[in-house]
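# Got a predicted structure plus its sequence, pasted below:
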Amino acid sequence: DTAVSQTPKYLVTQMGNDKSIKCEQNLGHDTMYWYKQDSKKFLKIMFSYNNKELIINETVPNRFSPKSPDKAHLNLHINSLELGDSAVYFCASSQGVSSYNEQFFGPGTRLTVL
Amino acid sequence: DQQVKQNSPSLSVQEGRISILNCDYTNSMFDYFLWYKKYPAEGPTFLISISSIKDKNEDGRFTVFLNKSAKHLSLHIVPSQPGDSAVYFCASGGSNYKLTFGKGTLLTVNP
């Protein structure tokens, strides 16, 4: 049973398009995250939701909009895709908002913008 | 602004020997430190953690050491096994809810 799943696994698209990445967790956690791993390999937090409420919003362009319809889902919509958006995007979840809590990661979505 | 640095992008060791992965941090507000392990095409998985009130935490073959005065932590794997070959990420957390990750170190354990 997959604990944190993401779809799609790979996404290749043209500049200027709008795309979404979906994330679901079946761990019963109340906190979910989106991370970006760029070409320099850093894993950087983008957003975090706790009980469907946004609690972390790093300096991310407005073109990125997370949506959490319920505690088990956190989707990421990206408008007007740019070349620099090419990266691997990881979803994660944890029980509680504290950074002391173990985070469980999905397998990642590799986004390539052409 | 790299608050968590893993200066060795890769490390190669022989099976059975010790692997030592290093991590430095700059933010003195960090009080919790974690290591995550990542295989290709998978997400990172939690390996071991340490609180700033300790200087050592052990879990089987894995030991994490924390030197607060030097703002340095290390992960020791002994004995190393081929299945340990992966990318290891150091991460630091504090009271601001978010984890800050390093760039990772690719460990290769040769049979």
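Great, that's in hand. Since we're looking at a predicted model, the values are computed, not measured.
# for chain B, which spans come out with low pLDDT?
Applying pLDDT under 70 to chain B flags residues B:1, B:97.
# need the residues of it near chain A, please.
Applying Cβ under 8 Å from any Cβ of the partner chain, we find that chain B lies next to chain A at B:2, B:32, B:34, B:36, B:41-46, B:49, B:51, B:89, B:91, B:93-104. Where C-beta positions appear, they are placed from N, C-alpha and C, glycine not excepted.
# 6 Å instead, please
By Cβ under 6 Å from any Cβ of the partner chain, the residues of chain B that approach chain A are B:32, B:42-44, B:46, B:93, B:97-99, B:101, B:103-104.
# Now do the helices for the chain: every range, in order, please.
In the absence of a named chain, chain A is used. Ranges of helices in chain A, per DSSP state H: none exist.
# think we crossed wires, I meant chain B
Using DSSP H, helices in chain B do not occur.
# residue farthest from the centroid of it?
Using Cα atoms, centre = their mean, the residue of chain B lying farthest from its centre is residue B:111. It sits 22.1 Å away.
# quick one: it and residue B:15 touch, right?
Yes: checked against Cβ atoms under 6 Å, the pair residue B:111 and residue B:15 is within contact range at 5.2 Å.
# what's the overlap in contacts for those two?
residue B:82 (Cβ atoms under 6 Å, 6 or more residues apart in numbering or on different chains).
# Could you check how far the most centrally placed residue in chain A is from residue B:7?
In chain A, the residue lying closest to the centroid (Cα atoms, centre = their mean) is residue A:34, at 2.9 Å. Applying Cβ to Cβ, to the nearest Å, the value for residue A:34 to residue B:7 is 27 Å.
# Then residue A:4?
30 Å.
# quick one, which of the two is more surrounded?
Under the criterion of other Cβ atoms under 10 Å in any protein chain shown, the comparison of residue A:4 against residue B:7 puts residue A:4 first, with 23 against 11.
# beta partners of the more buried one?
Assessed by DSSP bridges, residue A:4 has beta-bridge partners residue A:25.
# Residue A:27 is in contact with that one, correct?
No: Residue A:4 sits out of contact with residue A:27 when judged by Cβ under 6 Å, with a separation of 7.2 Å.
# list the residues that contact both of these two?
Looking at what touches both residue A:4 and residue A:27 (by Cβ under 6 Å, 6+ apart), the common residues are residue A:93.
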